[in-house]
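What follows is a predicted protein model with its sequence.
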Amino acid sequence: MNCDSYSIRDTTISFIDEMERGPKKDWLKHKFRHYGYFHRIMNMLAAEGFNVQQDPDVDKIIRCDYWIGKRGDLEFNAQKYPNGFKIQFFQNVVYENQYGGRHDFNKLEKMPYLIRLQYQKYMNRLVNLLESLADVKNTTKPRAKSAEDRIKVDLVYGWHRYKNMDFDLHDLDGKVPEDAICYIRDKNGKEIRNGDIKYFRNHWNGYLMRGRVYYRANMHWWVIINDHEIMLADNSDLFDDFPSGEPARIAPRRTPEAYKKHREELENAKTKELVAELRRRGLKISFH
């Protein structure tokens, strides 16, 4: 049975109206129930001391769906739409984006301590009001504190392989993923099992990386680099260290063909041609 739901990500709460989904012939004029929830929340924030108003930077035609508010250094912007609404809190005291904290990533992390306490206070009141107005399900993903927790969150909330987080990732060690099908072979054709230690090269910088692998989906495997860092790698990128103890694979040389041809021409050139080339480059050549 469908149920309305909400989730909190960073400093943004999103409400999804599951009960009134479906095609609406007059959805532009339809009065969805969650529109009432939205305006009740705006009234509550106004009563708490926020200066709440429609967003003046939005065109008048759609301005009734866009709202902003400010109380001291804590601000928010909100939007309602036929499928739900979202409210995002931010501040403009500490920010990186040139256009202000509203456009920053990791808003909660950047919030000064006292502003963060205010945000938590009003977010809690907002959630309590929402839960009193409707039968809603909290689908917020838990914040992962370690690399293993990040993989567990992905398996539970991203791929729904488990009902909750109450399992040990190490229970998967040594097992071949049943749904991996043809993606259980590494670069050398060796079978990959959850918990194996594998090497791969970072696609961005070419550095050799090493970590413990767990299957995600399709050809992708999560690789635990350290206690807090994970990366994705394709099964065809993974390999074992050489049995001889050599430092794994060596990246192939990628010398441009034009440069190689130029080197060959210089090697076959006569002395006068070499001198002319050096002088062309601005070097002073003298013979004694």
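That came in fine, so what should we check first? Numbers count the residues shown, from 1 in each chain.

where exactly do the strands run in the stretch 151-288 of the chain?
197-201, 208-217, 220-224, 230-234 (DSSP state E, counting those that start in this stretch).

Sheet partners, orientation included, of the last one?
Pairing partners of strand 230-234, with direction, according to DSSP bridges: strand 220-224 (antiparallel).

Mind listing what's buried along the strand it pairs with?
The neighbour-count check on strand 220-224 (16 or more other C-beta atoms under 10 Å) flags 221-224 as buried. C-beta here means a position set from N, CA and C on the backbone, and glycine is covered the same way.

ok so, going back, nearest to residue 5, of the strands of the stretch 151-288 of the chain?
strand 208-217 (23.3 Å; C-beta to C-beta).

mind listing what the nearest residue to residue 32 once chain neighbours are set aside touches?
Counting by C-beta to C-beta, 6 or more residues apart in numbering, residue 20 is the residue found nearest to residue 32 once chain neighbours are left out, at 5.6 Å. For residue 20, the residues meeting the contact criterion (C-beta atoms under 8 Å, 6 or more residues apart in numbering) are 32-34.

out of the strands of the stretch 151-288 of the chain, deepest packed?
Highest mean neighbour count of those: strand 220-224, a mean of 22 (counted as mean count of other C-beta atoms under 10 Å).

Could you check how far that one is from the centre of its chain?
15 Å (C-alpha atoms, centre = their mean, to the nearest Å).

Run the angle between that strand and strand 208-217 for me.
Relative orientation of strand 220-224 with respect to strand 208-217: 130 degrees, computed using axes from the mean of the first three to the mean of the last three C-alpha atoms, to 10 degrees.

Kindly provide the whole-number mean pLDDT of strand 220-224.
Per-residue pLDDT over strand 220-224 has a mean of 95.

Need the residues that contact that strand.
Under the criterion C-beta under 8 Å, 6+ apart, residues 147-148, 151, 154, 192, 198, 200, 209, 211-216, 230-235, 238 lie in contact with strand 220-224.

Mind listing the residues bridging to the closest residue to residue 196 other than its chain neighbours?
Once flanking residues are discounted, residue 196 sits nearest to residue 213: 5.5 Å by C-beta to C-beta, 6+ apart. Taking DSSP bridges as the rule, residue 213 bridges to residue 223.

tell me the contacts of residue 213?
By C-beta under 8 Å, 6+ apart, the residues touching residue 213 are 192, 194-198, 221-224, 233, 238.

State the distance from it to residue 153.
17 Å (C-beta to C-beta, to the nearest Å).

Could you list the low-pLDDT ranges of the chain?
Confidence mapping of the chain against pLDDT under 70 gives the ranges 1, 21-29, 242-252, 285-288.

Now do the buried residues in stretch 55-70.
Residues 55, 58, 65-69 are the ones in stretch 55-70 that count as buried (16+ other C-beta under 10 Å).

Which one of those is nearest to residue 276?
Nearest to residue 276 among the buried residues of stretch 55-70: residue 58, at 66.7 Å, using C-beta to C-beta.

wait, what's in contact with the spatially closest residue to the closest one that is not a sequence neighbour?
Ranked by C-beta to C-beta, 6+ apart and with sequence neighbours excluded, the top spatial neighbour of residue 58 is residue 66, at 4.4 Å. For residue 66, the contact set (C-beta under 8 Å, 6+ apart) comprises 54-55, 58, 77-79.

from those residues, which single one is nearest residue 281?
Distances from residue 281 to the contacts of residue 66, taken by C-beta to C-beta, are shortest for residue 77, at 57.7 Å.
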